[in-house]
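1. Give me a 3D structure for the following:
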Amino acid sequence: MNNRNGNSEPGKGRGWVWGGGALVLAVVLFIGLAGRGGTPEVQVVQVSREKLNAAIASNGKVEPVNAYIVRAQIASFVSSVDASESQPVHKGQRILTLDSSDAQAQLASARADLLTAQSDLRNARIGGPPSEVAQLDGDLHKTQAQVANLEHTQQALQQLLAKQAATQAEIDKNALDLSTARATLQTLQQKKDDLTHRASLDVDRLTLRVDQDEALARALDEKVRSATITSPVDGTLYSLSVRKGDYVTIGQEIADMADLHKVQVRAFVDEPDLGWLAPDQVVHITWDAMPNREWTGQTLQIPKQVVAHGNRSVGEVLCSVDNEKLELLPNVNVEVRILVRERPNVLAVSRAAVRADGTGRYVFRLEEGRLRRRDISVGIASASKYEVLSGLSEGDRVAIPGETDLKDGMVVRAADAK
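-> Below you'll find the predicted structure:
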């Protein structure tokens, strides 16, 4: 109600003023809270100086340095097994025995053939079989003596005939006997010559036969001896693939032995990383079966070619390993980290913060509540960080991409990454 002067009541005017002020303040607070709630929160990390180790991570397989693979030399049954897999063995210790009865029978036959061939060769070198040679020599000497005697008689009879002390009939009879003896001597000499000629021709043939029989006997003797499998080294019998009664074929692998103090790892390094490799780089090896254990070694042999390994193109790097406790076993799969670079006091940034496009690598640096794109160049890389060569300074804070799509100039609320 207006007063008599036509003015509003003083108390009611002041109420409208206070009400309007409160409304304006509420609107401002609402806008401020709404704006704050719409600002995305991002995780940030700080650029710092530290020692950086660059490493190549890959997989590999453990191998003995000097493995002895025993293969069956004869096809036979396993007659006895005298050792068990994974046990230590000494050089010369019997591991198993194969049935060698067939090989022994063949060896006996081969040795008999060899003796016959050696005897025939000796006979050939002296001109023929000793009994035949002796018989011919005896007959020759006898006939030669008979011829000489008849020739002497013939001369004597001729002299006696001149003195009329012998008859012509006696001379004719002696001459006939002499002719017969000379014919016999000629026949015997021809037999002797033929025997000597045949023997000389047999020397080369029989020499070859003796050589072949000796080689066969040696091979069969080796087979018989190979039926007893012994350890060629002090080490570990790490693989034994047969049991008593099993049948094995020639060439079948039956046992593997090695000194497992001396093992190596064949690491399969992807082709793009091969340029970082060099001899004597430090290697760290882990095995899932012993998750709390780590073995160290060094690179020994750098690959000279790339090969297919599954769907990867890799170089095979040989690495030495200290296996003094004999914990690493042959053929197990391991994880390998090769330290290819080490630099102290370098500027480093989290790999998670670094992005790349067609122009190079970049990060989003936090500047007064806003993200600003910064192009950077990097050097070596560890598993979690890059060396920063340019584009950032120590103490800079950079954003790590998350659910929010980061953009240059974006206003954000920063939270230190855990």
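2. pLDDT below threshold where in this structure?
-> Residue ranges of the chain with pLDDT under 70: 1-37, 195, 197, 199, 201.
3. And the residue nearest the centre of it?
-> E63 (7.2 Å; C-alpha atoms, centre = their mean).
4. my read is it is in a helix, agree?
-> No - looking at E63 with DSSP: H, G, I helix; E, B strand; the rest coil, it is strand, so not inside a helix.
5. Run a quick check on it versus V263, I expect a contact.
-> Yes - assessed by C-beta atoms under 8 Å, E63 is found in contact with V263 at 6.5 Å. C-beta: built from backbone N, CA, C; applies to glycine.
6. how much space between the residue nearest to the centre of the chain and R355?
-> Distance, E63 to R355, using C-beta to C-beta, to the nearest Å: 41 Å.
7. And D273, by the same measure?
-> For D273, the distance to R355 - C-beta to C-beta - is 21 Å.
8. Which one's more surrounded, those two?
-> D273 (17 against 14; other C-beta atoms under 10 Å).
9. so what's the residue nearest to the more buried one when sequence neighbours are not counted up against?
-> Closest residue in space to D273, ignoring its immediate chain neighbours: I56 at 4.7 Å, by C-beta to C-beta, 6 or more residues apart in numbering. Taking C-beta atoms under 8 Å, 6 or more residues apart in numbering, we find I56 in contact with 269, 273, 276-277, 337-338, 340.
10. bridging residues for I56?
-> Assessed by DSSP bridges, I56 has beta-bridge partners I338.
11. try the one 4 residues further on
-> Judged by DSSP bridges, the bridge partners of G60 are A267, V334.
12. export the contacts of I56 to a markdown table and tack on distance to L150 and secondary structure?
-> Formatted as a markdown table, the contacts of I56 follow (distance: C-beta to C-beta, whole Å; DSSP: H, G, I helix; E, B strand; the rest coil):
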| residue | distance to L150 | secondary structure |
| --- | --- | --- |
| V269 | 102 | strand |
| D273 | 106 | helix |
| W276 | 107 | helix |
| L277 | 102 | coil |
| R337 | 109 | strand |
| I338 | 105 | strand |
| V340 | 108 | strand |
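13. Mind giving me the ChimeraX command for buried ones among these?
-> A single ChimeraX command selects the buried members of these (16 or more other C-beta atoms under 10 Å):
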select :269,273,276,277,337,338,340
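14. Domain boundaries for this structure, per the record?
-> The chain is divided into the following domains under automatic domain parsing: 41-53+344-416, 56-66+259-342, 68-99+227-258, 101-225.
15. From the chain's centroid, how far away is the third one?
-> So the one you mean is domain 68-99+227-258. Chain-centre distance of domain 68-99+227-258: 20 Å, with C-alpha atoms, centre = their mean, to the nearest Å.
16. residues making contact with stretch 357-377?
-> Residues from elsewhere that reach stretch 357-377 (C-beta under 8 Å, 6+ apart): 42, 44, 349, 353-356, 378, 386, 388-392, 396-399, 406-414.
17. and if we set it to 6 Å?
-> Applying C-beta atoms under 6 Å, 6 or more residues apart in numbering, the contact partners of stretch 357-377 are 44, 353-355, 378, 388-392, 396-399, 406, 408-412, 414.
18. Give the buried residues for that stretch.
-> For stretch 357-377, using 16+ other C-beta under 10 Å, the buried residues are 361-366, 371, 374, 376.
19. and what of stretch 411-418?
-> Taking 16+ other C-beta under 10 Å as the criterion, stretch 411-418 shows 412, 417 as buried.
20. Where does L328 sit: helix, strand or coil?
-> coil.
21. Check Q154 too.
-> Classified using three-state DSSP, Q154 is helix.
22. Also G245?
-> coil.
23. That one: how many residues sit nearby?
-> G245: 10 neighbours (other C-beta under 10 Å).
24. do A399 as well
-> Going by other C-beta under 10 Å, the residues that sit close to A399 add up to 22.
25. any idea how far it is from R372?
-> 10 Å.
26. before we move on, back to that, mind checking which of the contacts of stretch 357-377 land in strands?
-> 44, 355, 378, 388-390, 397-399, 414 (DSSP state E).
27. hmm, which of these are the buried ones?
-> 44, 378, 388, 397-399.
28. Of those, which pair is most distant in space?
-> By the measure C-beta to C-beta, V44 and V378 form the most distant pair in those, at 18.7 Å.
29. The helix or strand hosting A219 - contacts with which helices or strands?
-> Using DSSP states H and E, A219 falls within helix 168-226. Secondary structure elements in contact with helix 168-226, counted by 3 or more C-beta pairs under 6 Å, 6 or more residues apart in numbering; DSSP states H and E, are helix 101-125, helix 130-162.
30. If anything else comes up later, I'll come back, but that's it for now.
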